[in-house]
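Asker: from the sequence below, what's the structure:
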Amino acid sequence: MNSLGRALKLLDMMGRQSGGFTNSQISRYLQISTSSTSYLLRQLEWEGCVTRDEDTGRYHVGLRLVSLARGAMRANGLQKLSGPAIRRLVDSTRLTAMIGVLDRGEVLLIERTSYKDSVETGADFTVGERLPRHESAIGKVLVAFLPSEQTGHLGACSPEELKGIRMRGYATVDSQGIRTVAVPITNRIGGVQPALAVTGLISNPIWTDGCAVINMLREAAFQISKRNWPVQRVSEPSSERSLKEGFR
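Answerer: Below you'll find the model as predicted:
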C-alpha cells in the first residue's frame, strides 16, 4: 500500500471512532514503523487533515475534512434538494429525519435534521457517521431496492425480508427504545440511491398512527426527488392493512 492509501485508511479509521489514536496505535493499525507513522502524521497535520491533542498526544480528524465534506454535499446539491422537504417532515412528526446512502457496503449518513424541541436520544446520529446496513432501516431499504443482481453479495437481509420491504415500500427497525422507519428516494444522486428515514423514541405518540408516518415519509421522499428529476412514486402497498397492523 502506498502513502496515499495509508493516509486514506488512517482517516477512515479516525472517522469511525472517537477518542483519537496514539502514534503507536496507528503504527500497529497500518502495519508500518512508528517513524513512518510520524512522518505520515506530520504531513496530514500540516494539511489540516488531522490534529494532535497536546495533552494526550492523540491524533484526531482535522477540520479540513469537515470543509471537504461540506463541499462534496454542496456539489451534489444534497442540502438544497432535501432541505425544505425534510424541514416540513420534521416539523410535522417532531422526529429526527436522516438521509443515507450505501458507501462501500455501509450506510453513510449525509443529512440529518432534528426537531427544534426534541430530546436527545440514542438515535441522534451525526452526518458522516456510518451504520451497519443489516441493522439499520436505511440500510435495509437501500439493499431491498437495489437491482437483484447487486444484492446477493451484500447479505444484509434474507430474500424474504427484502421482498417484504419492497412490497410495503418501507423498512422499520426497533432497537433500545428507538424506532426508525425508512423509505427509498427514487432517483440517483452521484450514482447512489438515497433513503429517507425518521427516528425517535418508541414512546412518541406519533407512532400510534403508523399510516400517517409512512405517508409523510413517502411524500417527503417524493418532494426531494422531483426537485430536479422526473420520478415515479414508489408503488403503494396493495392495501393499508400492513400499516394499520403496526410496524414490522
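Asker: now the residue nearest the centre of the chain: which helix or strand?
Answerer: The chain has Leu109 as the residue nearest its centroid, 2.3 Å off, counting by C-alpha atoms, centre = their mean. Here Leu109 sits within strand 106-113, counting by DSSP states H and E.
Asker: now that strand, how far from the centre of its chain.
Answerer: Per C-alpha atoms, centre = their mean, to the nearest Å, the displacement of strand 106-113 from the mean C-alpha position of its chain is 3 Å.
Asker: what lines up beside the following helix or strand past that strand in the sheet?
Answerer: Counting by DSSP H and E, the next helix or strand C-terminal to strand 106-113 is strand 130-131. Its sheet considered, strand 130-131 pairs with strand 106-113 (antiparallel) by DSSP bridges.
Asker: what does the strand it pairs with rub up against?
Answerer: Applying C-beta atoms under 8 Å, 6 or more residues apart in numbering, the contact partners of strand 106-113 are 73, 78-79, 82, 86-87, 90, 96-102, 125-133, 136, 138-139, 142, 194. Where you see a C-beta, it was placed from the backbone N, CA and C, and this is true even at glycine.
Asker: what subset of these is buried?
Answerer: Neighbour counting with 16 or more other C-beta atoms under 10 Å marks 73, 78, 82, 86, 90, 96-102, 125, 127-131, 133, 136, 138-139, 142, 194 as buried within the contacts of strand 106-113.
Asker: ok, back up a step: any idea how far the residue nearest to the centre of the chain is from Trp46?
Answerer: Counting by C-beta to C-beta, to the nearest Å, the gap from Leu109 to Trp46 is 29 Å.
Asker: can you give me the helices for the chain?
Answerer: All helices of the chain, identified by DSSP state H, fall at 3-16, 23-30, 34-46, 63-75, 78-93, 137-144, 148-151, 159-168, 210-226, 241-244.
Asker: most neighbours per residue, which of the ones you listed?
Answerer: Most buried of these, by mean neighbour count (mean count of other C-beta atoms under 10 Å): helix 137-144, with a mean of 27.
Asker: picking up where we left off before, report the angle between the strand holding Leu109 and helix 137-144.
Answerer: 130 degrees (axes from the mean of the first three to the mean of the last three C-alpha atoms, to 10 degrees).
Asker: I'd like the mean pLDDT over strand 106-113, please.
Answerer: Average pLDDT, strand 106-113: 82.
Asker: again, but for stretch 178-197
Answerer: Here the average pLDDT along stretch 178-197 is 76.
Asker: does Ser38 touch Asn23 like I think?
Answerer: Yes: using C-beta atoms under 8 Å, Ser38 is in contact with Asn23, at 6.1 Å.
Asker: tell me if I'm right that Gly19 and Tyr59 touch.
Answerer: No: the pair Gly19 and Tyr59 does not pass the contact test of C-beta under 8 Å, sitting 10.6 Å apart.
Asker: the two: who's more crowded?
Answerer: Neighbour totals were compared for Gly19 and Tyr59, and Tyr59 leads with 23 against 8 (other C-beta atoms under 10 Å).
Asker: partner residues bridging that one?
Answerer: Beta-bridge pairing of Tyr59 under DSSP bridges involves Phe21, Arg52.
Asker: start the count at 843, not 1, going forward
Answerer: Yes, from this point I'll number from 843; that puts the last item at Tyr901.
Asker: would you put the C-alpha positions of stretch 1012-1020 in CSV?
Answerer: Extracted as CSV, the C-alpha positions of stretch 1012-1020 are listed here (Å, rounded to 0.1, in the frame of the first residue of the first chain):
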residue,chain,number,x,y,z
TYR,A,1012,-40.6,0.8,3.8
ALA,A,1013,-38.4,-0.8,6.4
THR,A,1014,-38.5,-0.4,10.2
VAL,A,1015,-36.1,-1.2,13.0
ASP,A,1016,-36.8,-1.1,16.7
SER,A,1017,-33.8,-1.1,19.0
GLN,A,1018,-33.1,0.0,22.6
GLY,A,1019,-36.3,2.0,22.8
ILE,A,1020,-35.7,3.8,19.5
